[in-house]
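> model this:
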Amino acid sequence: MAKTPKSDAPAASEELTFEAALGRLESIVEAMEGGQMPLEQMLARYEEGMKLAALCARKLAEAELKVQQLEKAAEGQFRLRPFGPGEPVDEADSREAGPPET
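Numbers count the residues shown, from 1 in each chain. Got it, this is the predicted structure:
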């Protein structure tokens, strides 16, 4: 049986926060850009970096879903309204979604 080489760095796992994963990814990029890393180690770091990049993308997608706003539709049902960067806030929408004014 072939053994997989162990990395001395932490594995990309779901327990890592976005910030920790991004920090590790940045340190991998910096080390690889230094040009002093042996080929085998560089390949291992590249693989780890790709896993970390996927983890960061997944965590960003999860955060984007959490940022979506609930908006009350006219029928009294709630629906998700995506929240995009630079999207202006429509005050009429805010009043409709909030409690009635007295």
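
> Please identify the buried residues of stretch 52-60?
Buried residues in stretch 52-60, counted by 16 or more other C-beta atoms under 10 Å: 52-53, 55-56, 59. C-betas here are computed from N, CA, C, even on glycine.

> For stretch 33-47, output the C-alpha coordinates as CSV.
This file holds the C-alpha atoms of stretch 33-47, laid out as CSV (Å, rounded to 0.1, in the frame of the first residue of the first chain):
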residue,chain,number,x,y,z
GLU,A,33,6.5,32.7,-4.2
GLY,A,34,9.8,32.6,-2.3
GLY,A,35,11.1,30.1,-4.8
GLN,A,36,13.2,28.2,-2.2
MET,A,37,10.7,25.3,-1.7
PRO,A,38,11.6,21.8,-3.1
LEU,A,39,9.2,20.5,-5.8
GLU,A,40,7.6,17.8,-3.6
GLN,A,41,6.8,20.3,-0.9
MET,A,42,5.6,22.8,-3.4
LEU,A,43,3.1,20.3,-4.8
ALA,A,44,1.9,19.4,-1.4
ARG,A,45,1.4,23.1,-0.5
TYR,A,46,-0.4,23.7,-3.9
GLU,A,47,-2.8,20.9,-3.1
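
> still on that earlier bit, from the buried residues of stretch 52-60, pick the one nearest S27.
For these, the minimum distance to S27 (C-beta to C-beta) is 10.1 Å, reached by L52.

> Let me see the contact set for the closest one.
By C-beta atoms under 8 Å, 6 or more residues apart in numbering, the contact list for L52 reads 12, 16, 21-22, 24-25, 28.

> so which of those is the most crowded?
The most crowded member of the contacts of L52, judged by other C-beta atoms under 10 Å, is A21 (23 neighbours).
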